[in-house]
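Undergrad: this is a predicted model, with the sequence first.
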Amino acid sequence: MLKDVAFGQYYPVESFVHKMDPRAKILYLIAYIVLIFIVKNFYGFAVCLALLALTVVFARVPIVKVLKSIRAILFIIIVTFLINLFLHREEQDVVYFSWWIFTVTRGSVTFATFMALRLITLVLGSSILTLTTTPVALTDGLESLLSPLKLVKFPVHELALIMSIALRFIPTLMEETERIISAQKARGADFESGNIFSRVKALIPILIPLIISAFRRADELGDAMEARCYTGSRVRTKYKKLKFSVNDVIALFFVAAAFAGVILLNVYAGAVI
Amino acid sequence: MDVIAKELTYHYNKGAKFAVLALDNVSISIAEGEFFGVIGHTGSGKSTFIQHLNALIPVESGSLVIGGYDLSIRDKKTKKSLPEVRKKVGMVFQYPEYQLFAETVYDDVAFGVKNFNKSADKSIIDQKVRKAIEIVGLDYDAVKDESPFSLSGGQKRRVAIAGVIAVEPEILVLDEPCAGLDPQGKTALWKLLHEIHSTTAKTVIIVSHDMNDVAEQCTKAAMFDGGKMVAVGTPKELFSDAELIERAGLEVPVTCYLTNKLKGLCEIDSDFKADDFARKTAEKIRNQ
Ligand SMILES: Nc1ncnc2c1ncn2[C@@H]1O[C@H](COP(=O)(O)OP(=O)(O)OP(=O)(O)O)[C@@H](O)[C@H]1O
Ligand SMILES: [Mg+2]
């Protein structure tokens, strides 16, 4: 089913991480991403992975679910790995293998592995955020974090609204797509054979009804919002107020410790990259 | 072509945590020539059942034979014959007007015809499209170059139905074709369906929520409840058991309700069609 693709991957259990404030989770994720970009050696990576593993344990999310997120970018990981492996050059290097423009050296093996690890840990970390935070909480958190931008007249609330509407309608549109595909299949549409051009052309009977129905829905939603006196951000209050809790403070200690560890290791354990 | 389903069972999201049993051991046979109603409470599995009929949903377990095609066998040959099955079993989805896409009414109606008759001449396609548009009661020369999106809701639905009947299916399946139509539109649509039934499509299978319509129009009907087929028969047989109907969360037709109300006063043995009921009641009253 189309509906099953990545979205709505929120994994509903009660856990330490689920209970954290979405703002804290977003900030810690950013910190974590910074961390995996300043790491200079494999010891530092071990620290990042330990932080990651700890989070997974405290999130009570099955490890398979977390690992699944790699599948989406597996291709990119493999391609970057191969490109780095064969084309990365360093001065004064041990050459393992060389043919035409391709060379594999000790430096390139390390570099390629390092980059692949970065990508993988990046995706794993982000997937924990989406697995433990509902889309609504996520947009709420973003809205709150971006709210200083209101000072420069940036439409933060509207942006958050657009995001949450988009997220809300993804499953609906998926369902709609499936229905339209069925209907056109019933009229003999063939999406599976022919060359690339005829396949692209075969998508027209799906895309046009889909776009039209998206516009229709947008119209209806706009009317419904207006009918309920929606006027934008100025006077709106929130039903669920975001609040930092003790969990966020505890988590902060771990993130800070990881940071300290990585920086110390960067300084004392030498750099491989 | 007869439709014979035996112990048909289907789960949505099979194997996942949220698996839904949508069809539960459904055995049903629909003979050629029938104007067959499919009724049931919302979520009872009607749409799931009819989508099996042109192989949009693969048979999970049980068997389904339509004419000479056994859809429960999954091999290359069956896969190859899918276009044939879909050509012979026309399917009109709920709110079919949302599936229009082409620039002109002509192109939209011709879409199916062209897909199913890859090597057909333009003149033959023209002829089929014209015939279909005329059957659904639109003026071919007036609408053929219009954009389907500029038509009214009722006209759009007619165009969408024309797109299916232009293929001249032997079995025409419709999922709640009357949803959202005004009373006149509904009457016109039923008339149109009977016309199609007597000309191009030998069998019509129709999902309906309106028991009055089913009593009035169908030769036979099957009732679904929670994925099971709980009853099948002529409207007269079905609606005679008012308790069964209500247990499935449905309302009996008005004529049936009146018959039950009048019990004791005068016994009316009609087939629950309004005309028949009125005539027989009048007769009874005159005699008493
Ligand atoms: N794509 C889907 N994915 C998961 N479950 C589904 C899907 N489609 C239908 N179902 C479930 O299967 C069951 C039968 O659905 P179905 O659409 O066949 O009912 P129906 O009788 O046509 O209802 P209605 O009268 O509302 O159209 C319902 O419980 C429904 O929730
Ligand atoms: Mg349905």
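TA: In hand now; what should we look at? Ligands and ions are numbered 1, 2, ... in the order given.
Undergrad: shaky segments in the stretch 101-250 of chain B?
TA: Counting by pLDDT under 70, the stretch 101-250 of chain B contains no low-confidence segment.
Undergrad: so where do the helices sit in it?
TA: Taking DSSP state H, counting those that start in this stretch as the test, the helices found in the stretch 101-250 of chain B are B:105-116, B:122-135, B:140-143, B:153-165, B:183-198, B:211-217, B:235-240, B:242-247.
Undergrad: which parts of the last one are buried?
TA: What it means is helix B:242-247. Neighbour-count burial for helix B:242-247, with 16 or more other C-beta atoms under 10 Å in any protein chain shown as criterion, is recorded at B:242, B:244-245. C-beta: built from backbone N, CA, C; applies to glycine.
Undergrad: switch those residues over to JSON lines; also include distance to ligand 1.
TA: Below are the buried residues of helix B:242-247 laid out as JSON lines (distance: C-beta to the nearest ligand atom, whole Å):
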{"residue": "B:A242", "distance to ligand 1": "21"}
{"residue": "B:L244", "distance to ligand 1": "17"}
{"residue": "B:I245", "distance to ligand 1": "15"}
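Undergrad: could these go into JSON lines alongside distance to chain A?
TA: What follows is these, written out as JSON lines (distance: C-beta to the nearest C-beta, whole Å):
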{"residue": "B:A242", "distance to chain A": "35"}
{"residue": "B:L244", "distance to chain A": "32"}
{"residue": "B:I245", "distance to chain A": "29"}
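Undergrad: which one of these is nearest B:R279?
TA: Distance to B:R279 across the buried residues of helix B:242-247 (C-beta to C-beta) is lowest for B:A242, with 21.7 Å.
Undergrad: so what's the closest one up against?
TA: B:252, B:256, B:260 (C-beta atoms under 8 Å, 6 or more residues apart in numbering or on different chains).
Undergrad: so how far is B:K236 from the first one?
TA: When C-beta to C-beta, to the nearest Å is the yardstick, B:V252 and B:K236 sit 12 Å from each other.
Undergrad: looking at the two, which has the bigger crowd around it?
TA: When neighbours are counted by other C-beta atoms under 10 Å in any protein chain shown, B:V252 and B:K236 differ, and B:V252 comes out ahead with 23 against 15.
Undergrad: let's verify the more buried one: helix, strand, or coil?
TA: Here B:V252 is recorded as coil under DSSP: H, G, I helix; E, B strand; the rest coil.
Undergrad: the strands in the chain, which residues?
TA: By default, I'm working from chain A. A:95-99, A:102-105 (DSSP state E).
Undergrad: sorry, should have said chain B
TA: B:3-12, B:20-30, B:35-40, B:61-66, B:69-70, B:89-92, B:171-175, B:203-207, B:220-225, B:228-233.
Undergrad: what is the burial count for A:V123?
TA: Residues near A:V123, counting by other C-beta under 10 Å, number 20.
Undergrad: leaving out the residues flanking it, which one is nearest to it?
TA: Ranked by C-beta to C-beta, 6 or more residues apart in numbering or on different chains and with sequence neighbours excluded, the top spatial neighbour of A:V123 is A:S69, at 5.3 Å.
Undergrad: hmm, the one you found is touching A:L122, no?
TA: No. Using C-beta atoms under 8 Å, A:S69 is not in contact with A:L122, being 10.2 Å away.
Undergrad: redo the strands of chain B as JSON lines? Include mean neighbour count and distance to A:L221.
TA: JSON lines is the format used below for these (neighbours: other C-beta atoms under 10 Å in any protein chain shown; distance: least, C-beta to C-beta, whole Å):
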{"stretch": "strand B:3-12", "mean neighbour count": "18", "distance to A:L221": "27"}
{"stretch": "strand B:20-30", "mean neighbour count": "18", "distance to A:L221": "27"}
{"stretch": "strand B:35-40", "mean neighbour count": "24", "distance to A:L221": "31"}
{"stretch": "strand B:61-66", "mean neighbour count": "18", "distance to A:L221": "40"}
{"stretch": "strand B:69-70", "mean neighbour count": "18", "distance to A:L221": "43"}
{"stretch": "strand B:89-92", "mean neighbour count": "27", "distance to A:L221": "28"}
{"stretch": "strand B:171-175", "mean neighbour count": "24", "distance to A:L221": "25"}
{"stretch": "strand B:203-207", "mean neighbour count": "24", "distance to A:L221": "28"}
{"stretch": "strand B:220-225", "mean neighbour count": "24", "distance to A:L221": "33"}
{"stretch": "strand B:228-233", "mean neighbour count": "18", "distance to A:L221": "37"}
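Undergrad: any chance of these in TSV, plus distance to ligand 1?
TA: Below are the strands of chain B laid out as TSV (distance: least, C-beta to the nearest ligand atom, whole Å):
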stretch	distance to ligand 1
strand B:3-12	3
strand B:20-30	4
strand B:35-40	5
strand B:61-66	15
strand B:69-70	22
strand B:89-92	13
strand B:171-175	7
strand B:203-207	7
strand B:220-225	6
strand B:228-233	11
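Undergrad: measure stretch A:131-150 end to end?
TA: 29 Å (C-alpha to C-alpha, to the nearest Å).
Undergrad: that one: how far from the chain's middle?
TA: On the basis of C-alpha atoms, centre = their mean, to the nearest Å, stretch A:131-150 sits 14 Å off its chain's mean C-alpha point.
Undergrad: contacts for stretch B:25-35?
TA: B:1-9, B:36, B:45, B:49, B:62, B:170, B:193-194, B:197, B:202-206, B:217-220, B:222, B:224, B:227-229, B:232.
Undergrad: rewinding a little: ok, and which of the strands of chain A has the densest surroundings?
TA: Neighbour counts (mean count of other C-beta atoms under 10 Å in any protein chain shown) averaged over each of those peak at strand A:102-105, with a mean of 17.
Undergrad: with only the CA atoms kept, save it in CSV.
TA: C-alpha atoms of strand A:102-105 as CSV (Å, rounded to 0.1, in the frame of the first residue of the first chain):
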residue,chain,number,x,y,z
PHE,A,102,40.2,4.7,-10.0
THR,A,103,42.5,4.3,-7.0
VAL,A,104,41.9,2.8,-3.6
THR,A,105,44.2,4.0,-0.9
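Undergrad: chain center to it, what's the gap?
TA: For strand A:102-105, the distance to the chain centre is 33 Å (C-alpha atoms, centre = their mean).
Undergrad: from B:D70, how far out is the residue nearest to B:E7 when sequence neighbours are not counted?
TA: Leaving out its chain neighbours, the residue that sits closest to B:E7 by C-beta to C-beta, 6+ apart is B:G62, at 3.9 Å. Taking C-beta to C-beta as the measure, B:G62 and B:D70 are separated by 12 Å.
Undergrad: quick one, what contacts the residue lying closest to A:K238 once chain neighbours are set aside?
TA: Using C-beta to C-beta, 6+ apart and skipping residues adjacent in sequence, the residue nearest A:K238 is A:D140, 7.6 Å away. Neighbouring residues of A:D140 by C-beta under 8 Å, 6+ apart: A:22, A:160, A:238, A:240, A:242.
Undergrad: so the first one makes contact with A:T133?
TA: Yes. Counting by C-beta under 8 Å, A:P22 sits close enough to A:T133 to count as a contact (5.2 Å).
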